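Visitor: Sequence first, then the predicted structure:
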Amino acid sequence: MLLFAAIFDQDNAPSKTPVHLEEGLIERIGKDDPTAFKTFYDTINETLYAYLLSLTQNHQDAEDLLQETYLRVRASAHLYRPKGKPLAWVFTIARNLANMHHRGASRIQDLSDEDLENRFAHGSMDAHDRLVLHSLLEDLEEKQRSIILLHAVSGFKLVEISRHLELPLSTVLSSYNRGLRKLRNHLHIKGILS
Amino acid sequence: MNKNESIEQSLRRAVRLQVPDVYSRVANQPVRKDIEPFVPAAAKRRSGLAWSIAASLMSLALFVFGAWFMLLRVDSTIDLDVNPSIEIQINRLERVISLQPINEDAIPIVSGIGYRNLRLDQVLNAVVGSMYYHGYLESPESAILITVDNNDSQRASELELSVTIEIDKITRLGTDKIFSQTVGASPALAEMAERLGVSRGLMQLILEAQHHHPQISIMDLSRMPISELHRLAQGLPASAPLEEPLEEPFSPGKDLPAPAPLPETSGHGPKPPPEPLWHFPWDDDDLYEDDDDDLYDDDDLWDD
């Protein structure tokens, strides 16, 4: 019962229209259609950044990889074979680049206090929101971070996340629930959440 | 709004506020089109993993093959004949794989000898000791025939020499009573030896002897002492005239397949006269006043 509730409970989903990426866009990008790329960018930018942030735990790295991902999409879009999962294809590219980045630099392990401050972009951000995001990036495992952020920021249902990340639904469900519970506990311990 | 919704709203607001706009940096930047589909690192890792597994399996297979080749595969076969006959099989490291009696008389000699994976010289020592224990090699006429089978003739010769030296060291018989030879793979020879219940080495010696003395049956030759058989195989006359046939003359067509062409021999094995490498104590031409023909051409000798 809880499982179905978690999958289909629309009230629990963020009030945002889920991202829908048309497969034809990627084919048109492969043919150097600038309009298609602009549409692609506008559709996916927020979601892709959220995903990269969950992988890198760092704004600056996420921004760098965001650029690399777009360039890689443009470079290989003409070779894309439609399989009905364009977002999964984009996420795979992003994950691949993030993995390469991790292996090359081991940035996360070497973060200094100053770097930790740079996890966030400069600018005004509500202190409470900042602490929540910091706790998510700091305290949760990668899979939990990705699933919760995609659910929160992009409005994907968990079943859609399962498809886009090519993970078993059961894994997505358990990661989401455990991640949120863990995050709640950490926020509570830190006095951020009453 | 429950706690989960509150958390997700905070996350949504925090992320949205810092989403960078990189469009201008990526939209017009020239890119080189990929020739092959972009292979995800995960797939590459899986591919690497697959290669690692394949390499590991191949290494394992090589190791197993190497172990089999070095430890379990029969590299050489050594026959020891004092009449009984014994067969020793060794691997490439000269460790004994099997020790088998070839005829019934040899069973008590080899029974109870632990041989597996022991060095050849250790097993030779045990076998020769057992031969003494069972009453062989004690008489002055005792002799031993060593036959080595290996596809590599050089390796066979080396092994033949080392076994001969080892046997001589153990028995103190003297090289004039230790005969050795090498044989090649010959199914016909093996079949004849099996049917006669002798080793292939002894069978070869018997065929050599019959080649020089066709009037003596194979069966009779098989019962002769090694030393006498060796003498005949060299084309020399028998040390004593045969007074009567030991048994009904052997008929190759009836009892055994016809003698096959003699396999090639090498090393110190029986060789045709005039230069035998081994000499019996009584190997003196003066002992024989009659020539070969006089000795064996007596028709009465073979009358039934």
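Guide: Thanks, I have the structure now.
Visitor: Name the surrounding residues that touch the helix or strand hosting B:Ser130.
Guide: If you go by DSSP states H and E, B:Ser130 is part of helix B:120-133. Here helix B:120-133 makes contact (C-beta atoms under 8 Å, 6 or more residues apart in numbering or on different chains) with B:78, B:80, B:82, B:86, B:88, B:90, B:94-96, B:99, B:108-110, B:113, B:115, B:137-138, B:163, B:166-167, B:170-171. (C-beta placed from N, C-alpha, C; glycine too.)
Visitor: give me the low-pLDDT residue ranges for the stretch 1-150 of chain B?
Guide: Along the stretch 1-150 of chain B, the parts satisfying pLDDT under 70 run over B:1, B:37-47.
Visitor: Next, give phi and psi for the residue nearest the centre of chain A.
Guide: Centroid check for chain A by C-alpha atoms, centre = their mean gives A:Tyr51 as the closest residue, at 1.6 Å. Backbone torsions for A:Tyr51, taken as degrees, to the nearest 10, come to phi -60, psi -40.
Visitor: Contacts only, for it.
Guide: Contacts of A:Tyr51 by C-beta under 8 Å, 6+ apart are A:91, A:94, A:146, A:149-150.
Visitor: shouldn't B:Ser10 be in contact with A:His134?
Guide: No - B:Ser10 lies out of contact with A:His134 (C-beta atoms under 8 Å); the separation is 10.7 Å.
Visitor: I'd like the distance from the helix holding B:Ser130 to the chain centre, please.
Guide: Centroid displacement of helix B:120-133 relative to its chain, using C-alpha atoms, centre = their mean, to the nearest Å, is 18 Å.
Visitor: Can you mark which positions in that helix are buried?
Guide: Within helix B:120-133, the residues scored as buried using 16 or more other C-beta atoms under 10 Å in any protein chain shown are B:120-121, B:123-128, B:130-131.
Visitor: buried set for the following helix or strand past that helix?
Guide: Using DSSP H and E, the helix or strand that follows helix B:120-133 in sequence is strand B:144-149. Using 16+ other C-beta under 10 Å as the test for burial, strand B:144-149 gives B:144-149.
Visitor: Just give me the closest of those residues to B:Ala27.
Guide: Each of these was scored against B:Ala27 by C-beta to C-beta, and B:Asp149 proved nearest at 80.7 Å.
Visitor: measure the closest one to B:Glu8 for me?
Guide: Using C-beta to C-beta, to the nearest Å, B:Asp149 is found at 83 Å from B:Glu8.
Visitor: Drop anything exposed from the contacts of helix B:120-133.
Guide: Buried members of the contacts of helix B:120-133, scored by 16+ other C-beta under 10 Å, are B:78, B:80, B:82, B:86, B:88, B:90, B:95-96, B:99, B:109-110, B:113, B:115, B:137, B:163, B:166-167, B:170-171.
Visitor: So which of the residues you listed are in strands?
Guide: When DSSP state E is applied, those are split such that B:78, B:80, B:86, B:88, B:90, B:96, B:99 fall in strands.
Visitor: Let me know how buried the nearest residue to A:Arg145 once chain neighbours are set aside is, in neighbour terms.
Guide: Of all residues not flanking A:Arg145 in the chain, A:Ser54 sits nearest, at 3.9 Å (C-beta to C-beta, 6 or more residues apart in numbering or on different chains). Neighbour count for A:Ser54, taken as other C-beta atoms under 10 Å in any protein chain shown: 24.
Visitor: my guess is A:Ser54 is in a strand, correct?
Guide: No - assigned with DSSP: H, G, I helix; E, B strand; the rest coil, A:Ser54 falls outside any strand and is helix.
Visitor: residue ranges with poor pLDDT in chain A?
Guide: Counting by pLDDT under 70, the ranges of chain A that qualify are A:1-17, A:104-124.
Visitor: tell me which parts of chain B are close to chain A?
Guide: Listed as neighbours of chain A in chain B under the rule C-beta under 8 Å from any C-beta of the partner chain: B:3-23, B:25-27, B:29, B:31-34, B:36-38, B:40-42.
Visitor: change it to 6 Å
Guide: B:3-4, B:7-8, B:10-15, B:17-20, B:22-23, B:25-26, B:31, B:33-34, B:37-38, B:40-41 (C-beta under 6 Å from any C-beta of the partner chain).
Visitor: quick one: contacts for B:Arg92?
Guide: B:70, B:75 (C-beta atoms under 6 Å, 6 or more residues apart in numbering or on different chains).
Visitor: That one and B:Asp152: what is the separation?
Guide: Applying C-beta to C-beta to B:Arg92 and B:Asp152 gives a distance of 11 Å.
Visitor: List, one by one, the residues from chain A near chain B.
Guide: So chain A meets chain B at A:14, A:41, A:46, A:49-50, A:59, A:63, A:66-67, A:70-71, A:74-76, A:79, A:92, A:96, A:99-100, A:121, A:125, A:129, A:132-133, A:152-153, A:180, A:184 (C-beta under 6 Å from any C-beta).
Visitor: of these, buried ones?
Guide: Burial by neighbour count, judged by 16+ other C-beta under 10 Å, picks out A:14, A:41, A:46, A:49-50, A:59, A:63, A:66-67, A:70-71, A:74-76, A:92, A:96, A:99, A:121, A:125, A:129, A:132-133, A:152-153, A:180, A:184 from those.
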